[in-house]
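In: Sequence and predicted structure are below.
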Amino acid sequence: NTRESVTEVDVVIVGAGFAGMYQLYRLREAGFNTTVLEAADDVGGTWYWNRYPGARCDILTVDYSYSWDPELQKEWTWSERYATQPEILRYAQTVAEKHDLRRDIRFKTRVQSATWNEDTKRWALLTDQGDTVSAKFYVMATGCLSMPKVPDVPGAGQFAGETYFTSSWPHEGVDFTGKRVAVIGTGSSGIQSIPLIAEDAEQLTVFQRTPNFSFPAHNGPVAEARLEEYSRDVEAYRQAARESLIGVPADKPTVSAMLVDEEERIAAYEDVWKTGELAKQIKFNDIQVNPEANETHRQFMHDKIRNTVNDPDVAELLCPTNHYIFTKRPCLDTNYYQTFNLPHVRLVDLHSQPITSITAKGIDIGGDHPEQLEFDAVVFATGFDAMTGAIVGVDITGRDGATLRSAWDEGPKTYLGLMTVDFPNLFMITGPGSPSVLSNMMVSIEQHVDLITDTLEHLRSNDLDTIEPTALAQDRWMQHGNDFADLTLLPTANSWYMGRNVPGKPQVFLPYVGGVGRYRAICDEMVERDYLGFTVGGPKGSQTH
Ligand code: NA7
């Protein structure tokens, strides 16, 4: 009898990860009747699903934590610099518990479609449970790396042994003891899990399409000095994060790599290698814009890899040469390169030995030296349909039958990465066109949640019920984002930032490169100027700003 049931709320949120949880908290505090729909059976989002061995944060967890609960902020201590997935999940669960969030979250409920009704000015979300949630406002809190990429490997699905995906790892864990294991993919998930899988497996074969730059994470307890810097004045620290480039307090580089001598450059890169902090990796102001400057850091990394990996041929294969450093998400690891010195670990370079097919027994590789490799388990660490996958994964229909999927045919179009023309009252948290994946997600999530909450309060107090960007604002924002990205080397890589990891996906630079501080200032100014670039409407008519 749930079939035809319709639940009416003010706001529906999709996703109960860190974005959806905080959005629920804020809206509830503001007096909006809110429901969250979540496919999993508990909170945590990314940290619920990605349970592979070695899964960790790659932003220091003191930075990657909520700033809106002063008590929690004081009481919670992270046991390591980069907390493991179980600890981060526990943190999410603790927050849900403390604020009694679960009572407004419907778990095991996946949204299939969402349709805007221009007459009632409401969204209707159809769930896989067969019921409908009707809401004035609809917030997508579905995450940026949440829609796993369908494995685009010939024969995928034919393997008769155990198959695993890092993005949806079994809750009970996996025992690889005595097994012959294949890992496909050497992004962050591959790089974090490979050393640990190697510890258990009898044989490990890593299939590498593109080598990545990875820095030692130097895991362990958070350095005293860093904790001190943080706890001296937590609020000032958090404010500095909000105004920074990537959402972590850090000095901005002011010197060109080309204007210092070799010795100084190397010392700077050694320093990066020793700290392993993402926010402090870019030492010179031209690393991300000038190929020559970038090359100096790239060469340094190649030398580190060559000095770590014993077999010179394997070392060369592990040196990234077809993209500039920092144009793909750099990785942090614990013993990644060292793992290739183990006698039972093999690296297969897919450029010289491409996968011809996955078979029932294993993986056939071609090239000049074809081989039929047999495995007991195959692990796909092949990544995500990043930033847009989870959003267009829901069948979203806006005004006059416009579908989001076709509106984003040539790449996502948003104003501020927050809203899209023809889809009134639909907000995206850390959507494409906002800093999102180029930043500490916590900081970007909080900024969007606060902005969305303030916006809904503004509408309510002004007797308004709709908001939508203007076509002009959207066009210009996209133009600005692309122009800004084009000033950097970032669009040159075959990265998921550019949509290049998913066959057929439009190739546009997805996140906003201007940094979280600048982006926040732009959003604040938009609000100050009475929602510049938006049309708002209510019973008395609509107005465009
Ligand atoms: P990533 O970073 O997208 O990595 C996926 C890896 O899988 C990457 O090395 C890909 O190579 C490889 N891949 C993808 N498809 C194939 C096929 N068909 N054949 C062979 N290899 C393939 O995802 P992760 O889950 O590791 O990390 C995502 C983010 O999570 C990470 O950046 C952090 O922010 C946290 P490619 O580079 O595309 O050639």
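Out: Okay, I see it.
In: can you pull the contacts of the closest residue to the ligand within the chain?
Out: As assessed by Cβ to the nearest ligand atom, the ligand sits closest to Gly187 within the chain, at 2.0 Å. In short, each C-beta sits where N, CA and C put it, glycine included. Residues counted as contacts of Gly187 (Cβ atoms under 8 Å, 6 or more residues apart in numbering) are 212, 329, 331, 381, 383.
In: What is the neighbour count of the last one?
Out: If you count neighbours by other Cβ atoms under 10 Å, Gly383 ends up with 20.
In: repeat for the second one
Out: Each residue near Arg329 was counted by other Cβ under 10 Å, and the total is 19.
In: coming back round to it: among the contacts of Gly187, which are within reach of the ligand?
Out: With Cβ under 6 Å from any ligand atom as the criterion, the subset of the contacts of Gly187 in contact with the ligand comprises 329, 381, 383.
In: Ser168 and Pro148 touch, don't they?
Out: Yes. In this structure, Ser168 sits in contact with Pro148. The criterion is Cβ atoms under 8 Å, and the distance is 6.8 Å.
In: TSV for the ones next to the ligand among the contacts of Gly187, including secondary structure?
Out: What follows is those, written out as TSV (DSSP: H, G, I helix; E, B strand; the rest coil):
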residue	secondary structure
Arg329	coil
Ala381	coil
Gly383	coil
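In: Please identify which pair of the contacts of Gly187 lies farthest apart.
Out: Across those, the longest distance by Cβ to Cβ is 13.7 Å; it joins Arg329 and Ala381.
In: how about the residues of the chain near the ligand?
Out: By Cβ under 6 Å from any ligand atom, the part of the chain that sits against the ligand consists of 145, 152-153, 166, 184-190, 207, 209-210, 329, 350, 381-383, 496, 501.
In: Quick one: mark the members of those residues that sit in strands.
Out: 184, 207 (DSSP state E).
In: Buried members of the residues of the chain next to the ligand into ChimeraX, please.
Out: The following ChimeraX selection, which keeps only the buried ones among those, applies the criterion 16 or more other Cβ atoms under 10 Å:
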select :145,153,166,184,185,186,187,188,189,190,207,209,210,329,350,381,382,383,496,501
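In: The residues of the chain next to the ligand in helices, which ones?
Out: Taking DSSP state H as the definition of helices, those contribute 188-190.
In: Flag every buried residue along stretch 385-398.
Out: Under the neighbour-count criterion of 16+ other Cβ under 10 Å, stretch 385-398 has 385-394, 396-398 buried.
In: ok, the residues you listed vs His302, which is closest?
Out: Checking those against His302 by Cβ to Cβ gives Ala386 as the nearest, at 26.8 Å.
In: Not counting its neighbours along the chain, what's nearest the closest one?
Out: Closest residue to Ala386 in three dimensions, ignoring its sequence neighbours and counting by Cβ to Cβ, 6 or more residues apart in numbering: Trp496, at 4.2 Å.
In: do the same with Val443
Out: Gly247 (3.3 Å).
In: Point out where this protein drops to low pLDDT.
Out: Under the criterion of pLDDT under 70, the regions of the chain flagged as low confidence span 1-3.
In: go again using 90 as the cut-off
Out: Applying pLDDT under 90 to the predicted model, the residue ranges of the chain that meet it are 1-4, 222-231, 275-279.
In: What count of nearby residues applies to Thr308?
Out: Taking other Cβ under 10 Å as the definition, Thr308 ends up with a neighbour count of 16.
In: what's the residue lying closest to it once chain neighbours are set aside in contact with, if anything?
Out: If you skip the residues right next to it in sequence, Thr308 has Tyr337 as its closest partner in space, 4.2 Å away by Cβ to Cβ, 6+ apart. Contact partners of Tyr337, counting by Cβ under 8 Å, 6+ apart, are 214, 304-305, 308-309, 318.
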